[in-house]
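Trainee: fold the following, please.
(one chain, ligands or ions: 2)
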Amino acid sequence: MLNGAFGNTRSNSLMSEYASLLGDAVLRHRARIAEQSARIEAELASKVKSEFIANMSHELRTPLNTVIGFSKLLAEHERRKLGDGEIVEYAQLINDAAGHLLAVINDILDISKIQSGRYTIDAREVNLDEILQAAIASFRVSAAEANVTIQLRIAIDLPPIRGDAVKFRQIFTNLLSNAVKFTPAKGTISVEALRGSDGGVTVIVRDTGIGMSEGELLVAMTPFGQVDGGRARWREGTGLGLPIAKALVELHGGRLEIRSAKSIGTEVVVILPSRHLVTVAEGRDVGAQLGHEASQRA
Ligand SMILES: Nc1ncnc2c1ncn2[C@@H]1O[C@H](COP(=O)(O)OP(=O)(O)OP(=O)(O)O)[C@@H](O)[C@H]1O
Ligand SMILES: [Mg+2]
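Mentor: Ligands and ions are numbered 1, 2, ... in the order given. Below is the predicted model:
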């Protein structure tokens, strides 16, 4: 009897000792996993940062060199006796380069504004049909030069939605810019706008371009992240277009999803809520959700 009770007490204390050892082991294991994922995240952030610095200096230096070089030629007009054609051409090159610089700077300002929660958007009833047509029209020349076809299909029952027309244009410009940039000759880009199940609008931008693997997609969604950033410089860009588009969609209470397959193509789905459901998110909330992520492409 006494032995039995003693035996029980002993086995209970052994059990609780095991339980506490096991608990400690689980806690140590969890801490190790957390440490490992923090290290992987830090490594990815540092890789993206160094690629960003390399790309940014290229992005800023190239147009600045154009501005400095051609304005110097214009300043030496007296000595060089430039013809009217040359003067116009140099002025045009300076104007293009300055426009590009401004676009890059605007992207960076947008990102920091979204991250700090100081980004506000308008919420009016807008007609997405017109916005998509205008965005596509602005790529007509570059698509023709790249020998890529752009198709647009709009559902006849497309409802009006609420939001900021300028930001919507920016979202689709960013997505189309990527589709044109990463689709080789003879490829097709299709833009489809459908009525969503909740009475909102779903827009799908598909391309038959180079596509991305799952890992590359993660890099692409990181601000300043560019797939194969080291070698893809000739394509230009700062790696901000996609994160900015995603952040702008989320500011409208929507979602941006990407599916992509290497060498097959990419599909970006923008889901915008019904105009009756739109409560335009406070910049601060979205900024906080975004963490390192953020926002444009002209
Ligand atoms: N449609 C696409 N097909 C294949 N790769 C894509 C596509 N869209 C984006 N990517 C990849 O994702 C990266 C990030 O895209 P993002 O639009 O953010 O930046 P970017 O186009 O490089 O520069 P920016 O848009 O700032 O001018 C691209 O550099 C590219 O590697
Ligand atoms: Mg882009």
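
Trainee: kindly report the residues of the protein close to ligand 1.
Mentor: Counting by C-beta under 6 Å from any ligand atom, the residues of the chain close to ligand 1 are 107, 174, 177-179, 182, 207, 209-212, 220, 225-227, 232, 237-243, 266, 297. (Glycine included, C-beta is placed from N, CA and C.)

Trainee: now, those that are in strands?
Mentor: The strands, defined by DSSP state E, take in 207, 266 from those.

Trainee: can you pull the residues of this protein lying near ligand 2?
Mentor: Residues of the chain lying close to ligand 2 (C-beta under 5 Å from the ion) are 177-178, 237, 241.

Trainee: can you list the residues you listed in a markdown table and add neighbour count and pLDDT?
Mentor: Shown next, in a markdown table, are the residues of the chain next to ligand 2 (neighbours: other C-beta atoms under 10 Å; pLDDT from 0 to 100):
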| residue | neighbour count | pLDDT |
| --- | --- | --- |
| S177 | 19 | 95 |
| N178 | 23 | 96 |
| G237 | 21 | 75 |
| G241 | 25 | 92 |
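
Trainee: between those, which sits nearest R30?
Mentor: Nearest to R30 among the residues of the chain next to ligand 2: G241, at 37.1 Å, using C-beta to C-beta.

Trainee: pull up the gap between the closest residue to ligand 2 within the stretch 101-250 of the chain and N174, please.
Mentor: At 2.7 Å from ligand 2, G241 is the closest residue in the stretch 101-250 of the chain, using C-beta to the ion. From G241 over to N174 the distance is 4 Å, taken as C-beta to C-beta, to the nearest Å.

Trainee: check L64 too.
Mentor: 24 Å.

Trainee: between these two, who's got more neighbours?
Mentor: Of the pair L64 and N174, N174 is the one with more neighbours under other C-beta atoms under 10 Å, namely 26 against 13.

Trainee: for stretch 171-187, list every residue counted as buried.
Mentor: Counting neighbours by 16 or more other C-beta atoms under 10 Å, one finds that the buried residues in stretch 171-187 are 171-183, 187.

Trainee: now those residues in JSON lines, with distance to G253?
Mentor: What follows is the buried residues of stretch 171-187, written out as JSON lines (distance: C-beta to C-beta, whole Å):
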{"residue": "I171", "distance to G253": "13"}
{"residue": "F172", "distance to G253": "17"}
{"residue": "T173", "distance to G253": "21"}
{"residue": "N174", "distance to G253": "19"}
{"residue": "L175", "distance to G253": "18"}
{"residue": "L176", "distance to G253": "23"}
{"residue": "S177", "distance to G253": "24"}
{"residue": "N178", "distance to G253": "23"}
{"residue": "A179", "distance to G253": "25"}
{"residue": "V180", "distance to G253": "28"}
{"residue": "K181", "distance to G253": "29"}
{"residue": "F182", "distance to G253": "28"}
{"residue": "T183", "distance to G253": "30"}
{"residue": "G187", "distance to G253": "33"}
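
Trainee: pull the most distant pair out of these.
Mentor: Going by C-beta to C-beta, the pair spanning the buried residues of stretch 171-187 furthest: I171 and G187, at 21.5 Å.

Trainee: am I right that K186 sits in a strand?
Mentor: No - the assignment for K186, made by DSSP: H, G, I helix; E, B strand; the rest coil, is coil rather than a strand.
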